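Asks: Based on what follows, work out the 3D shape:
(chains A and B)
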Number of protein chains: 2
Amino acid sequence: MAYFDAASAAPLHPVGRQALLAALDEGWADPARLYREGRRARLLLDAARQAAAEAVECRPDELVFTPSGTRAVHAGIEGALAGRRRVGRHLIVSAVEHSSVLHAAEVHEAQGGSVTEVGVDRTGAVAPDAFAGSLRPDTALACLQSANHEVGTVQPVAEVAEACRAAGVPLLVDAAQSLGWGPVAGDWSLLTASAHKWGGPSGVGLLVVRKGVRFAPRGPLDERESGRAAGFENIPAVVAAAASLRAVRAEAAEEAARLRELTERIRTRVPALVPDVEVTGDPERRLPGIVTFSCLYVDGETVLHELDGAGFSVSSGSSCTSSTLTPSHVLRAMGVLSEGNVRVSLPPGTPAEDVERFLTVLPGVVAGVREKLGAPVPAGGVRGAERGDEQSGAPAVNAPVVDTPAVDALVVDALGRRCPIPVIELARVIGDVPVGGTVRVLADDEAARLDIPAWCEMREQEYVGEEPADRGSAYVVRRIS
Amino acid sequence: MAYFDAASAAPLHPVGRQALLAALDEGWADPARLYREGRRARLLLDAARQAAAEAVECRPDELVFTPSGTRAVHAGIEGALAGRRRVGRHLIVSAVEHSSVLHAAEVHEAQGGSVTEVGVDRTGAVAPDAFAGSLRPDTALACLQSANHEVGTVQPVAEVAEACRAAGVPLLVDAAQSLGWGPVAGDWSLLTASAHKWGGPSGVGLLVVRKGVRFAPRGPLDERESGRAAGFENIPAVVAAAASLRAVRAEAAEEAARLRELTERIRTRVPALVPDVEVTGDPERRLPGIVTFSCLYVDGETVLHELDGAGFSVSSGSSCTSSTLTPSHVLRAMGVLSEGNVRVSLPPGTPAEDVERFLTVLPGVVAGVREKLGAPVPAGGVRGAERGDEQSGAPAVNAPVVDTPAVDALVVDALGRRCPIPVIELARVIGDVPVGGTVRVLADDEAARLDIPAWCEMREQEYVGEEPADRGSAYVVRRIS
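Replies: Numbers count the residues shown, from 1 in each chain, chains lettered A, B, ... in the order given. As a prediction, this is how the structure comes out:
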């Protein structure tokens, strides 16, 4: 059994566990009280703040503990926007930020603020020039993650921070995915993080606000944590969080090299072992432990279920594994395939054998899912386009109504069908389309908007565009080869 | 060493500690995930919610876990006000609510809402009629604690809930101090609580919103906890909180009787052992473990310090122990003495010997503080008025400038002097005032406004009133006896 979803949550580090146990005895009292139990709690809280500040490379009085990374992000964005309200109400975020950032931006917009979403390239990275170009005289705050949580791509934070500094705009860095590996370089103004991502306990986030940054905490007054995080301090968890951070940092350099080699194995060998796979994210500028790939003609929920059965816990940005029925906003912003999406994020200490076993199991799992779905059988290698006359092995499950109103315009009706069926149906009929001719795929599943163009890119066919239809949309594809 | 501040925070119950340890291993993963670690976390979270709901006597889907009691209060008040915004923007709170409630009310007022603060009697209880009388057609929400956190007085929640129900107004009950002792009776609509008050861990609050209550969560969208508490669930702490609640409830009836007897000893014996003491709060309708008293001519910070040195951890509502330099709003609303205030709140399991030792130590501690401050030596018993010619033992430390512009109007200048000095100076000169004559105490310490009238009440002198002065206020007292 191998847990490969460290980017969601990591189990508590043994050092953190020990610290938690000690602090349950010593740190349960109110640190605002003057008696011995209160003073002891205060000492523990101060020491934890000092340790966390060292790891972040900030002053202790710039750092407060929040009840979660999400709360740190919400409080950080709200407070910075309110603090600079006189400057303006423009907020900049990258399109691939964590949902907590994007949801805070939605609230800002609903309250009359304006938001610019800076796009990313196919690797998931923002371009520093594009980010800098979105800065305006009325920009109150800019937000950029240190590294992406779904594909592991590291963002050019230092360059963006420099541009923001030059424009006098504070930059908030969501460092949730990277803080365990090292401090965030560059002249940022605010920083947020989440302890359970680095092997700390649940219930602890960090919010750092550099001296000199205008900041006006929102919400009801509360004296605790410099007025920036209301509620009784969770000192045992805070102590465990700081101890875990120190412990993972001590192992970080060595472990980063080891995990990077393991994820490199997945990056290079999965496309060789599994046909029709797209590995996403930057191959070089990336976190050590995260690798993400998408498999054509595969349903994300089923592949997760099968991998779970085989002893692997991974996550997916496919629409069918989310409650919103839309593919991950990160994959969408990157313009890459979302169907059959698998994110592998290795916790520190993952044995190489687990990765090897994963590479052994994965091809069979994907092939099995494809067979069940009646997906086209690949002709030869990853980039080989299947041909219609080779579709034989798998029975055509739920064959679509194929209508031919004109020779030039084959129509595939995939209305009401969920990802990956619309793409599978497209692949099944492309052989019937004359070279130069088009096919229209009618679909109302959100994922089709992302996955049909991605399929065209992978298959070297031409994606003509999307047309409105009575129900859903018509996605038009021209056969090139 | 005896910890007598359970109303601030209680150490983790052994059952909660065990549950926490188990859940650290089993409940660290994301409960929204489909793999085994996620499913296991989800099962633990569901079971904890079920157990907490049973203790509250609500449905599990009415209860969410928040990161603290304060957050539960903030989210509950904001959400209920927003949900009933069409009805109106009037909010009712009692004057003795926890600061988290009053601070949320301040935010509401700053945003254009209106707030009615319902006063309390000298025991700290609201009158149901007065509370009901403040209900208006535009009242969106009413808030009443189940019991007061500083003096232990139990509020008439069931009667108030009935009046609110009849008016169609939801009642939010802050049950932080009472939930460990039992469910809150009456037809309330929302309820909040805090786990570390009942022997659960820090980092867990409860917010209950009855089905049918209009509720619109504020802040950025987040799918966790029914959208009512953003951020990654702290499942180990939640499991420990639910287990602790179940454990303290199992012991509640027996322990309540035992602690009630111990606090009754303090209630009855402290006034006999220590002269010039006012015991506050309702003698009957009160929590089992809390007893509060104030000592004339005593500085709260020093008495806490001395008690700490003698091995007792207690808290105080005196102004000199708070960072705001104002006496506790609870004591102020009750109109009782705030100087030398001591709150004793016994955790379950407190041995009777500790209380006996406290009763042995307290008289000497108070006498020592009074001697240092040069307080008048009491003539005979608690209600005995000291006479000027009996002030001999203690030297007059920092004697005030006593000015006599007219025979009828002695003036004591206590400007710049902190509690309890203004009252001490008043007591020192009252013997020089002819019966029927008045004395003016000039003071700029906030506590004087509360403590000079309270002294008059205790000493059976007449408090004439407060007059504006060049600096601070002049408090006018007429000698009656």
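
Asks: Poorly predicted segments of the stretch 51-200 of chain A, please.
Replies: Across the stretch 51-200 of chain A, nothing is flagged by pLDDT under 70.

Asks: wait, does stretch A:64-72 contact chain B?
Replies: Yes. Judged by Cβ under 8 Å from any Cβ of the partner chain, stretch A:64-72 comes into contact with chain B through A:67-71. For glycine as for every other residue, the C-beta is placed from the backbone atoms N, C-alpha and C.

Asks: For stretch A:416-424, what is the distance to the chain centroid?
Replies: Centroid displacement of stretch A:416-424 relative to its chain, using Cα atoms, centre = their mean, to the nearest Å, is 24 Å.

Asks: Which positions within it qualify as buried?
Replies: Neighbour-count burial for stretch A:416-424, counted by 16 or more other Cβ atoms under 10 Å in any protein chain shown, picks out A:417-424.

Asks: Tell me which residues touch the closest residue to A:Pro271 other than its chain neighbours, please.
Replies: The shortest distance from A:Pro271 to any non-neighbouring residue, by Cβ to Cβ, 6 or more residues apart in numbering or on different chains, is to A:Val277 (5.1 Å). Residues counted as contacts of A:Val277 (Cβ atoms under 8 Å, 6 or more residues apart in numbering or on different chains) are A:270-271, A:293-296, A:366, A:382.

Asks: quick one: A:Val277 and chain B, what's the gap?
Replies: Look at A:Val277 and chain B: by Cβ to the nearest Cβ, to the nearest Å, they are 21 Å apart.

Asks: Distance-wise, check that residue relative to A:Cys456.
Replies: Using Cβ to Cβ, to the nearest Å, we find A:Val277 at a distance of 16 Å from A:Cys456.

Asks: In space, what's closest to A:Ser8 - neighbours in sequence excluded?
Replies: Nearest non-adjacent residue to A:Ser8, counting by Cβ to Cβ, 6+ apart: B:Asp30, 4.5 Å away.

Asks: Do I have it right that that neighbour meets B:Gly38?
Replies: Yes. Assessed by Cβ atoms under 8 Å, B:Asp30 is found in contact with B:Gly38 at 5.5 Å.

Asks: max-length helix in chain A?
Replies: Secondary structure of chain A read by DSSP state H shows that its longest helix is helix A:235-273.

Asks: Return the set of buried residues in it.
Replies: Quick answer for helix A:235-273 (16+ other Cβ under 10 Å): A:235-249, A:252, A:255-256, A:258-260, A:262-263, A:266-267, A:270-271, A:273.

Asks: Pull out the buried members of the contacts of A:Val277.
Replies: A:270-271, A:293-296, A:366.

Asks: mind listing which of those are in strands?
Replies: Secondary structure defined by DSSP state E assigns A:293-295 of the buried ones among the contacts of A:Val277 to strands.

Asks: Using CSV, write out every CA atom in stretch A:298-313.
Replies: Provided in CSV are the C-alpha atoms of stretch A:298-313 (Å, rounded to 0.1, in the frame of the first residue of the first chain):
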residue,chain,number,x,y,z
VAL,A,298,-9.8,7.0,-19.6
ASP,A,299,-12.2,7.9,-16.9
GLY,A,300,-10.4,9.5,-13.9
GLU,A,301,-12.7,8.1,-11.3
THR,A,302,-12.3,4.5,-12.5
VAL,A,303,-8.6,4.7,-12.8
LEU,A,304,-8.3,6.1,-9.2
HIS,A,305,-10.6,3.3,-8.0
GLU,A,306,-8.5,0.7,-9.8
LEU,A,307,-5.3,2.1,-8.5
ASP,A,308,-6.7,2.2,-5.0
GLY,A,309,-7.6,-1.4,-5.4
ALA,A,310,-4.0,-2.1,-6.4
GLY,A,311,-2.7,-0.3,-3.3
PHE,A,312,-2.0,3.2,-4.6
SER,A,313,-3.6,6.4,-3.3
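
Asks: Could you pull out the buried residues of it?
Replies: Buried residues in stretch A:298-313 (16+ other Cβ under 10 Å): A:298-308, A:310, A:312-313.
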